[in-house]
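Asks: kindly return the folded structure for what I paste below:
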Amino acid sequence: MHESLTLNFIIKLWRYTERCYKRSLINRVLYRIYSIFMFLLRGSLIFNFLTKDKSVIENSFVYKVYEYVVDLSKNLIDLIRKIIKKYMKYSFVYKLVHSISKIQIYTIRIIKGSWFTKFLDYIFNVDKMEGQQTFNLNLGILAAIIILPFAPKIISLLFIAFVVFTFFIKLLYKEDYFLRKSFVDIPILLLAIVFIITTITSYNLQGSLRDLVIHIIAISFIYVIVNSIKTENQLNAILTTTVFTATIVALYGLYQYKVGVKVDDAWVDVANNPDLKTRVFSVFGNPNILAEYLIMITPISLSLFWVTKKIFKKIVFLATTLILIATLIFTFSRGGWLGFAFGIFVFVILVEKKLLISLIPAGLLSIFIMPSAIINRILTIGNLRDSSNAYRIKVWDITLDIIRDNWVSGVGFGYIPFKETYVKYIRTMNVYHAHNTYLETLAEVGIGGFIIFIIMLFIIYKYSLMSYRKTDNKYLKVITAGLLASLSSILFHGLVENILYLPRIIITFWTIISFILVILNISSKENRVT
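Replies: Residues are numbered from 1 along each chain as shown. From the prediction side, this is the model:
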C-alpha cells in the first residue's frame, strides 16, 4: 500500500512538473534556441557533408584506387586458392584445418537433439564445408565478446587473434568467402598505416609495438565481424550477447556497491565529495574504465528495448538497461555521466525528438530523489578546485607543449612514448596518458594521423546517417541510432579520458564500429533489393 501511494505521488509530481515546464518561459526560450540551432546546422558545411549523397564520394579518384586494390587482392586470393588446391591439399596445414573442421562436426553431432541445439541454431549460422556441417566464425565472435571483460588481456588478445587467423584461413580455402568493400574501409586502413609508420618512427619502438599489436588485432577483428555477420538475426544475436555480457559485469559492480568496496584515495577528492564512500569498478579495476565500457553498451541495450515488440523481451531489455545505468551511476565517473547523457541526446534526436521536452523535467525531478553523494559529484563538474579537474588541466597544458614540439609526426604511437616524453617536460607528474583522446592522438601520431582519425569518424557518421534516412526498416533505424549513441557517448567521454588506452576498451571501441559497418551492409543490401 505504501509503495502504491509513493508511486502515485511520483507519477503525479512528474505530470505536474512536465505541465509546468511546458508552460514555462524556460521551455519557450530553449525551444527557440533549439530551432535556431537546427536552422544554422542545416546550412552548415558539417551538416551538408554528413547528408550529401555518397555517390559523389564513391565516384571519387580515391575510391576508384581503393576498388582497384581490393579487386587486385581478390585476384591474388583466387591465385593462392588455386595453388593450395593443386599443391597443398596433402600438406600439414591443410590437414590441420581439416582436422579442426572434423572436431567441430563431432561437436555438432554430440549436441544434436539436446535442448541446447535450438539456442545454437538461433545464434550460430551453420554452413557447409566440403559437404559437411561446421560452425562458422560467429561462434568465435560471440566467444570473444563474452570473454573480453573477464579474461586476462593476453588471453583475450590471443583468442581474437586466433579468430582473425581462422577467418583468413577460410578466406584462402573457401571460394564463397570474399572481402566486402566500402568507402568507410579507406580511412580505417589509412589509420592502420599511420599506426605502423608512427610505430617505426617512435621515440620508443618497443613501447609502441604494444599498442600497435592491440590495434591491428582489433581492426582485423572488424573485418571478421563485417564479413561474417550478414543478416538481422545474426546481428541481433551478437548485440544481445554483448548486452548480456555487460549486464553480468554490471551486476558484479552493483554487488561491490552493496558490500561497500574500498575506494582508492586517488579516485576521490574527499574535500569536495565528503559523502562519496564507494566507486564501483567491477572487473575493470578502475571506475572510469568501467564507465567507458558501460556507456558503449547501454545505448545498445536501450535500442533493443525500444525496437523489441514481444513483451517478455521488452521486460528483459528494460531490466538490462536499468542495471547498466544503475552501475554507471555508481561508478561516479563524471565523464561517463556526461558521455552517456550526450549519447542519450543523440539517440532521442534520431528516434523520438518529442522526448527532448520530457528530458528536462525528468532531470529536474531527479534532483529530489538523488542521493547527496551523486548531487555533490555532479556539482563538482567544472569545479577547478576539485583535484581531479585541476590535475587534468595541468596535464592538458603540458600535452599542448608536447604537440607544439612534435606536431608533424608525433612522439610515437602508444602511451609509452607519450609517458616517457611527458616526464622530460615535468618530472613531478608521472602520467600515463593525456586524459583527452584527441590531444593524446595528436601527440602520438601527429597532425596527419589526427586528421585521418577525425575523417574516419566523420565518414562513419555520414554513411550511418544516410543509411538511417534511406531505410524503412524500423529495426535497422533504431539499432543504428543505438550504435551511433554508443559511439557518441565514448567519443564525448574522450574529451576527459584517453579511451584508446586499455585493450578491453580499444577492442570494444572498434567492435562498436564493426557493428555500425554491419548495419550499413545489411541496409545497403535491402536498398538494392527494394
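Asks: for the protein, which spans come out with low pLDDT?
Replies: Counting by pLDDT under 70, the ranges of the chain that qualify are 1-136, 172-182, 265-275, 360-361, 363-365, 367-368, 527-530.
Asks: what about 80?
Replies: Applying pLDDT under 80 to the chain flags the ranges 1-138, 169-184, 262-277, 354-387, 427-428, 525-530.
Asks: list the buried ones in the lengthiest helix in the chain?
Replies: Counting residues, the longest helix found in the chain (DSSP state H) is helix 437-470. Buried positions in helix 437-470, judged by neighbour count with 16 or more other CB atoms under 10 Å: 437, 439-446, 448-450, 452-453, 456, 459-468. Where C-beta positions appear, they are placed from N, C-alpha and C, glycine not excepted.
Asks: now do stretch 473-490
Replies: By 16+ other CB under 10 Å, the buried positions in stretch 473-490 come out as 473, 475-490.
Asks: need the contact list for the nearest residue in space to residue 290 that is not next to it in sequence.
Replies: Spatial nearest neighbour of residue 290, chain neighbours left out: residue 284 (4.4 Å); criterion: CB to CB, 6 or more residues apart in numbering. Under the criterion of CB atoms under 8 Å, 6 or more residues apart in numbering, the contact list for residue 284 reads 149, 249, 290, 293, 504.
Asks: so which of the residues you listed would you say is closest to residue 238?
Replies: Nearest to residue 238, judged by CB to CB, of the contacts of residue 284 is residue 149 at 15.4 Å.
Asks: so that closest one versus residue 499, what's the distance?
Replies: 16 Å (CB to CB, to the nearest Å).
Asks: neighbour-wise, which of those two wins?
Replies: The neighbour count for residue 149 versus residue 499, taken as other CB atoms under 10 Å, is higher for residue 499 (27 against 20).
Asks: so who does the spatially closest residue to that one that is not a sequence neighbour touch?
Replies: Counting by CB to CB, 6+ apart, residue 437 is the residue found nearest to residue 499 once chain neighbours are left out, at 5.1 Å. Contact partners of residue 437, counting by CB under 8 Å, 6+ apart, are 491, 494-495, 497-500.
Asks: in the stretch 351-500 of the chain, which spans are helices?
Replies: In the stretch 351-500 of the chain, the helices defined using DSSP state H, counting those that start in this stretch lie at 356-366, 372-379, 387-405, 415-425, 437-470, 474-493.
Asks: SS state for the residue nearest to residue 482 when sequence neighbours are not counted?
Replies: Nearest non-adjacent residue to residue 482, counting by CB to CB, 6+ apart: residue 303, 2.6 Å away. What DSSP: H, G, I helix; E, B strand; the rest coil gives for residue 303 is helix.
Asks: report the contact partners of residue 303.
Replies: Residue 303 is in contact with 347, 478-479, 481-483, 485, counting by CB under 8 Å, 6+ apart.
Asks: sorry, back to before: could you dump the contacts of residue 284 into a markdown table and include secondary structure and distance to residue 202?
Replies: As requested, the contacts of residue 284 are exported to a markdown table (DSSP: H, G, I helix; E, B strand; the rest coil; distance: CB to CB, whole Å):
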| residue | secondary structure | distance to residue 202 |
| --- | --- | --- |
| 149 | coil | 29 |
| 249 | helix | 33 |
| 290 | helix | 30 |
| 293 | helix | 28 |
| 504 | helix | 23 |
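Asks: which of those residues has the most neighbours?
Replies: residue 290 (30 neighbours).
Asks: wait, it sits on residue 329?
Replies: No - using CB atoms under 8 Å, residue 290 makes no contact with residue 329, being 11.6 Å away.
Asks: so where do the strands sit in the protein?
Replies: Along the chain, counting by DSSP state E, strands occupy 126-129, 132-135.
Asks: for the residue nearest to residue 447 when sequence neighbours are not counted, grab phi and psi.
Replies: Nearest residue to residue 447 in three dimensions, chain neighbours excluded: residue 407, at 5.4 Å (CB to CB, 6+ apart). Phi and psi for residue 407, reported as degrees, to the nearest 10, are phi -70, psi -20.
Asks: who's in contact with residue 256?
Replies: Contacts of residue 256 by CB under 8 Å, 6+ apart are 278, 280-282.
Asks: ok, 10 Å please
Replies: Counting by CB atoms under 10 Å, 6 or more residues apart in numbering, residue 256 touches 262, 278-282, 287, 290, 327, 330.
Asks: can you check residue 293 too?
Replies: 148-149, 246, 249-250, 282-284, 324, 327-328, 331, 336, 490, 502, 504-505, 508-509.
Asks: ditto for residue 195
Replies: With CB under 10 Å, 6+ apart, residue 195 has these contacts: 208, 211-212, 214-216, 219, 413-414, 444-445, 449.
Asks: hmm, 6 Å instead?
Replies: Residues counted as contacts of residue 195 (CB atoms under 6 Å, 6 or more residues apart in numbering) are 212, 215, 413.
Asks: and if you look at residue 390?
Replies: Applying CB under 6 Å, 6+ apart to residue 390 gives the contacts residue 384.
Asks: how close does the spatially closest residue to residue 448 that is not a sequence neighbour get to residue 508?
Replies: Spatial nearest neighbour of residue 448, chain neighbours left out: residue 194 (6.8 Å); criterion: CB to CB, 6+ apart. Separation of residue 194 from residue 508 (CB to CB): 21 Å.
Asks: excluding covalently adjacent residues, which one is nearest to residue 402?
Replies: Nearest non-adjacent residue to residue 402, counting by CB to CB, 6+ apart: residue 443, 5.0 Å away.
Asks: sorry, wrong one. I was asking about residue 489.
Replies: Nearest residue to residue 489, sequence neighbours excluded (CB to CB, 6+ apart): residue 343, at 3.1 Å.
Asks: so what's that neighbour up against?
Replies: Contacts here follow CB under 6 Å, 6+ apart; on that basis residue 343 touches 299, 485, 488-489.
Asks: ok, it to residue 233 distance?
Replies: Using CB to CB, we find residue 343 at a distance of 26 Å from residue 233.
Asks: same check on residue 284?
Replies: Relative to residue 233, residue 284 is positioned 31 Å away (CB to CB).
Asks: same deal with residue 488?
Replies: According to CB to CB, residue 488 and residue 233 sit 26 Å apart.
Asks: which of the contacts of residue 256 fall within helices?
Replies: Short answer: the contacts of residue 256 in helices (DSSP H) are 287, 290, 327, 330.
Asks: isn't the first one right up against residue 276?
Replies: No - with contact defined as CB atoms under 6 Å, residue 287 does not reach residue 276; the gap is 10.8 Å.
Asks: the more surrounded of the two?
Replies: Comparing residue 287 with residue 276 by other CB under 10 Å, the one with more neighbours is residue 287, at 26 against 20.
Asks: now do the contacts for the more buried one.
Replies: Neighbour list for residue 287: 279, 281, 331, 333 [criterion: CB under 6 Å, 6+ apart].
Asks: same thing with residue 459?
Replies: By CB under 6 Å, 6+ apart, the contact list for residue 459 reads 184, 187.
Asks: run the last query once more with 8 Å
Replies: Listed by CB under 8 Å, 6+ apart, the contact set of residue 459 reads 183-184, 187.
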